[in-house]
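1. Just to be clear, the model below is a prediction. Sequence and coordinates:
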Amino acid sequence: MVAVNRKAITLGGILAAITVILLYVESITPTVKLSLYVLSSFFSAVMIIEGGLRSGWIFYLVTSILAFIIVPDKIGLIPYFLFFGTYGILKSYIERIGKIVSEYVLKVLFFNICLALAFIIIRIFFIAQLNDSISLWFIIIVMEVVFIIYDYVYTLFIQYYVEKLKKVR
């Protein structure tokens, strides 16, 4: 029988509630959507730190299911389902490699796969043709730069949590 980590379960419930609230607020506000996605993604890192990768996967599944049930704008959940909800888990796996160049290549590859899926979804369901006045390659490059900044901020959050917040308890 697997030992039950009550602390991880309690923390997971609280963080799952906060994550779903952030995703709900994202669905009803006209601005700050990206910020809310980013904040919601940080909690999976906390779950991985506190309970391991298995807890991170369970957290992602629970938050995805709850958000799908509660959040009225299902389309607005796609970024969380595809990228923000899974990124902390993937980051944990990739950063075990220990070679920064290989890690960034894999992270950017994952981001580009998610970006390609997002463009496919947009083309199929929303816009038959993306606006050609703005170069698609330019958009991709800008988004990759933003992604690298996001990964750096995510790393800073993890370091802060491990060095400061985890010690407080």
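-> Yes, it's here. Since this is a predicted model, take the numbers as computed values, not measurements.
2. hang on, isn't residue 46 packed against residue 15?
-> Yes. With contacts counted by CB atoms under 8 Å, residue 46 reaches residue 15, the gap being 6.1 Å. Every residue, glycine included, has its C-beta placed from N, CA and C.
3. Between the two, tell me which one has more neighbours.
-> Higher neighbour count among residue 46 and residue 15: residue 46, with 23 against 20, using other CB atoms under 10 Å.
4. pLDDT at the more buried one, what is it?
-> With respect to pLDDT, residue 46 scores 95.
5. if I pick it, what's in contact with it?
-> Residue 46 is in contact with 11, 15, 161, counting by CB atoms under 8 Å, 6 or more residues apart in numbering.
6. could those residues go into JSON lines alongside distance to residue 25?
-> Formatted as JSON lines, the contacts of residue 46 follow (distance: CB to CB, whole Å):
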{"residue": "11", "distance to residue 25": "21"}
{"residue": "15", "distance to residue 25": "15"}
{"residue": "161", "distance to residue 25": "22"}
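7. Between those residues, which sits nearest residue 117?
-> residue 15 (25.9 Å; CB to CB).
8. any idea how far the closest one lies from residue 118?
-> Look at residue 15 and residue 118: by CB to CB, to the nearest Å, they are 25 Å apart.
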